[in-house]
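Enquirer: A predicted structure for the sequence below; I have some questions about it.
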Amino acid sequence: MKFIHISDTHLGYHQYGLKERAEDFFDVFMEAVEFAISKKVDFVLHTGDFFHSSRPSNQVILQGMEVVRKLKDANIPIFVISGNHDRGSQIRDVSPLQILQPVGLQVVDKGTIEHEGVFIGGLKYISKAGLKRISLREILEEYLKHMGNGFRILMLHQEFQPFFPDSSLNLNTEIPEGFNYIGIGHYHVAQAPFTINDATVIYPGSTEFTAYSEKEEKQVKGFFFVDVTDKSVNAEFIKLRTGRPFIYATFDEENIQSTINHIKEKICQLESEKKPVLIIKGKIKDLSHKDIYKLLEKEDINEDKLLHVQLNLTKEVEDFAEKVKVVSLSDQYIQEELKRFIDDPDLSSKVIEVIQHLKSIENIDEVKKMLKENPDIL
Ligand SMILES: [Mn+2]
């Protein structure tokens, strides 16, 4: 038996407000689907965040349909769970994945199904607040009672230690013995396969870059191609070719030329047909963001060579009156400040979650609409 396991495709994510970025998320998803078809796999597993939003646009729903239909035409079923991004409001609405069920997407948000002797248990994302009311382990023990003697797959989209250091969920204690394959979404950095209670645990990571993370700088995005013989699992990581290349540079105000040279060298080395995104990180003292854009322009590092420049720079300015350091708003800075400011760790992580969600929305009307449609997000 063969299958591919893909996760966190975030279809419809207009990263940096660019339509090209949204297309990138579609391209890599299609590449994985084409791979699955070429290998004639028995099925596809998707462990959540199929869509970036629980309210994908009509165009993005059509893209989702194209993905599912392509597999259906090749007679390959696809099983999916809802992630935190696409599970929908739990009170007023359903997951957008349900829209794709009539074209063949099989949503396994709760419970188990059997597919040609293979048992698949799925559980949609449950928030930290939700996990206070229920026990993950008890749910999974119940699943095992409904699974026969065949190969047993579990699909999850949760925050587990050590990948989410603030989480109280531990794979060793939460997952009962009895599964053969545990596929987990949500963490965007792919991991080498490992074993828990005789089960192979697979983290495919996301198929594209969604937010800057140091851990992802040297990583290539992909998915797993899994071959199972007599319950023994061989999982191979398949790199995606059609993703957007990213170039990372650390800005050094004392030695600007070395940063520039590094960027130019990296651009030259690229073999992708797609123009890269440049991420510049580090600290600036006297320069402004505008100065950096001008500097790049002067060096001919412009839109002919790049799709987008993202400045993740921290500016330290001394405020003469207060002697307080004003630091520009980086993601990490905001999160640390919020944790300090809001004493309750659950509440601060909820607020961070909401902010992360809002970040992908481009204008205030969309924010208002989202809050109105998803009142339980708060
Ligand atoms: Mn995700």
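Expert: Nice, I can see it. Only a predicted model underlies this, so the values are computations on that prediction, with no experimental measurement involved.
Enquirer: Return the distance of the helix or strand where I256 lies from the chain's centre.
Expert: In this assignment (DSSP states H and E), I256 forms part of helix 256-269. Remark: helix 256-269 is offset 29 Å from the chain centroid, using Cα atoms, centre = their mean, to the nearest Å.
Enquirer: Packing partners of that helix?
Expert: strand 246-251, helix 289-298 (3 or more Cβ pairs under 8 Å, 6 or more residues apart in numbering; DSSP states H and E). Backbone N, C-alpha and C define where each C-beta goes, glycine included.
Enquirer: Strand 246-251 and that helix, what's the angle between them?
Expert: Angle of helix 256-269 versus strand 246-251, following axes from the mean of the first three to the mean of the last three Cα atoms, to 10 degrees, is 170 degrees.
Enquirer: What is whatever helix or strand comes next after helix 256-269 packed up against?
Expert: Remark: after helix 256-269, the chain's next helix or strand is strand 277-284, criterion DSSP H and E. The contact analysis (3+ Cβ pairs under 8 Å, 6+ apart) places strand 277-284 against strand 246-251, strand 308-318.
Enquirer: what's the longest one in contact with?
Expert: Going back to what we said before, that points to strand 308-318. Strand 308-318 is contacted by residues 16, 18, 21, 212, 251, 277-285, 288-289, 292-293, 296, 325-328, 330, 333 when judged by Cβ atoms under 8 Å, 6 or more residues apart in numbering.
Enquirer: Taking the residues you listed, please make a ChimeraX selection of just the buried ones.
Expert: Selection of buried members from the contacts of strand 308-318 for ChimeraX, criterion 16 or more other Cβ atoms under 10 Å:
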select :21,212,251,277,278,279,280,281,284,292,296,330
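Enquirer: between the helices and strands packed on strand 277-284, which one is nearest to I61?
Expert: Among those, strand 308-318 comes nearest to I61, with 25.7 Å by Cβ to Cβ.
Enquirer: Pull out the buried residues from that closest one.
Expert: With burial defined by 16+ other Cβ under 10 Å, the residues of strand 308-318 counted as buried are 308-309, 311-313, 315.
Enquirer: And these, which is closest to I196?
Expert: The nearest member of the buried residues of strand 308-318 to I196, counting by Cβ to Cβ, is N312 at 34.7 Å.
Enquirer: hang on, the earlier thing: now the helices and strands packed on helix 256-269 as CSV including mean pLDDT and distance to H46?
Expert: Shown next, in CSV, are the helices and strands packed on helix 256-269 (pLDDT from 0 to 100; distance: least, Cβ to Cβ, whole Å):
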stretch, mean pLDDT, distance to H46
strand 246-251, 94, 24
helix 289-298, 92, 38
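Enquirer: Please name whichever of the helices and strands packed on strand 277-284 is nearest to the ion.
Expert: Of all these, it is strand 246-251 that lies closest to the ion, at 17.3 Å by Cβ to the ion.
Enquirer: Let me know the angle separating the closest one from strand 277-284.
Expert: For strand 246-251 against strand 277-284, the angle by the same axes, to 10 degrees is 20 degrees.
Enquirer: Direction included, what does strand 246-251 pair against?
Expert: Strand pairing for strand 246-251, using DSSP bridges, gives strand 277-284 (parallel).
Enquirer: Skipping its backbone neighbours, what lies nearest D86 in space?
Expert: Nearest non-adjacent residue to D86, counting by Cβ to Cβ, 6 or more residues apart in numbering: F51, 4.1 Å away.
Enquirer: Next, count neighbours for the one you found.
Expert: F51 has 29 neighbours, counted by other Cβ atoms under 10 Å.
Enquirer: Let me see the backbone angles for V67.
Expert: With angles defined as degrees, to the nearest 10, V67 sits at phi -60, psi -50.
Enquirer: Could you report the distance from it to L105?
Expert: For V67, the distance to L105 equals 9 Å [Cβ to Cβ, to the nearest Å].
Enquirer: mind listing what the residue of the stretch 251-378 of the chain at minimum distance from the ion touches?
Expert: Relative to the ion, the nearest point of the stretch 251-378 of the chain is Q356 (10.0 Å; Cβ to the ion). Contacts for Q356 (Cβ under 8 Å, 6+ apart) come out as A211.
Enquirer: In terms of pLDDT, where does it sit?
Expert: According to the prediction, Q356 has pLDDT 70.
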